[in-house]
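Novice: Could you look at this predicted model? Sequence included:
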Amino acid sequence: GENVEQHPSTLSVQEGDSAVIKCTYSDSASNYFPWYKQELGKGPQLIIDIRSNVGEKKDQRIAVTLNKTAKHFSLHITETQPEDSAVYFCAATREGSARQLTFGSGTQLTVLP
Amino acid sequence: SQTIHQWPATLVQPVGSPLSLECTVEGTSNPNLYWYRQAAGRGLQLLFYSVGIGQISSEVPQNLSASRPQDRQFILSSKKLLLSDSGFYLCAWSVSLYEQYFGPGTRLTVT
């Protein structure tokens, strides 16, 4: 089955700096890669995703890049703000009747004011 | 717009007691439904998923079970809880082949 590894497990940045979180996946058939943000005590919120036919996607201050050859994808957050502090999860999935997601282990991002 | 509800929000149960967690989705039809568990400080583990009424697939052998009695209702159950069942239980839905949306979760503590 799919295996997703996520790094780093914790990341602290100064407000206004950029943050990068990286994930690698094992199943070359995976073709959908979402990113979730989870605040303390809440359910994960889908913030951006990318499909395998695209190399990069951007939405305001967040962007995701995908390298299918190397089987890795990354989340980039620019101009970080204190409200960006949360746990971020990457995930991967392949074609299938139910699209089961395999998640990375999460990154605790802290934006220092 | 679509909305997902989970209840209860928090639950404290003794070892050996039964469990029933409920998830309902509004504003959509025939969604795929999922139960995940998140241990403290850990990632999300898929427990069950359902592509239709009465259709349940299990990902992890355990003392939990799931049922889908109605199109937009998904229930997670146990006959006898273990200490290891403690965690944050999340329900999710999807109608596309891609995006999954999570509910607010249920915090279960087994004592």
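Specialist: In hand now; what should we look at? Residues are numbered from 1 along each chain as shown, chains lettered A, B, ... in the order given.
Novice: pLDDT weak spots in chain A?
Specialist: Residues of chain A meeting the criterion pLDDT under 70: A:97-98.
Novice: interface residues of it facing chain B?
Specialist: For chain A, the residues in contact with chain B (Cβ under 8 Å from any Cβ of the partner chain) are A:32, A:34, A:36, A:41-46, A:49, A:51, A:89, A:95, A:97-106. In short, each C-beta sits where N, CA and C put it, glycine included.
Novice: immediately after whichever strand or helix holds A:Val87, which helix or strand?
Specialist: Following DSSP states H and E, the helix or strand that holds A:Val87 is strand A:86-92. Past strand A:86-92, further along toward the C-terminus, the next helix or strand under DSSP H and E is strand A:102-103.
Novice: Sheet-wise, list the partners of the helix or strand just after that next one with their directions.
Specialist: Once the chain leaves strand A:102-103, the next helix or strand it forms, by DSSP H and E, is strand A:107-112. Neighbouring strands of strand A:107-112 in its sheet, by DSSP bridges, are strand A:10-14 (parallel), strand A:86-92 (antiparallel).
Novice: Please tabulate those strands in CSV, including the columns distance to A:Lys22 and mean neighbour count.
Specialist: Supplementary listing: the strands paired with strand A:107-112 in CSV, determined by distance: least, Cβ to Cβ, whole Å; neighbours: other Cβ atoms under 10 Å in any protein chain shown:
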stretch, distance to A:Lys22, mean neighbour count
strand A:10-14, 10, 13
strand A:86-92, 8, 24
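Novice: give me the residue from chain A nearest chain B.
Specialist: Sorted by distance to chain B under Cβ to the nearest Cβ, the residues of chain A start with A:Gly43, at 3.8 Å.
Novice: pretty sure that residue is touching B:Gly105, no?
Specialist: Yes - shown here, A:Gly43 and B:Gly105 form a contact pair, counting by Cβ atoms under 8 Å, at 4.8 Å.
Novice: pLDDT weak spots in chain B?
Specialist: Low-confidence segments of chain B (pLDDT under 70): B:61.
Novice: can you do 80?
Specialist: Applying pLDDT under 80 to chain B flags residues B:40-42, B:61-62, B:97.
Novice: Provide a list of residues in contact with A:Gln100.
Specialist: Residues near A:Gln100 by Cβ atoms under 8 Å, 6 or more residues apart in numbering or on different chains: A:93, B:34, B:46, B:49, B:59.
Novice: again but with A:Cys23, I slipped
Specialist: A:Cys23 makes contact with A:4-7, A:33, A:72-75, A:90, A:92, A:104, according to Cβ under 8 Å, 6+ apart.
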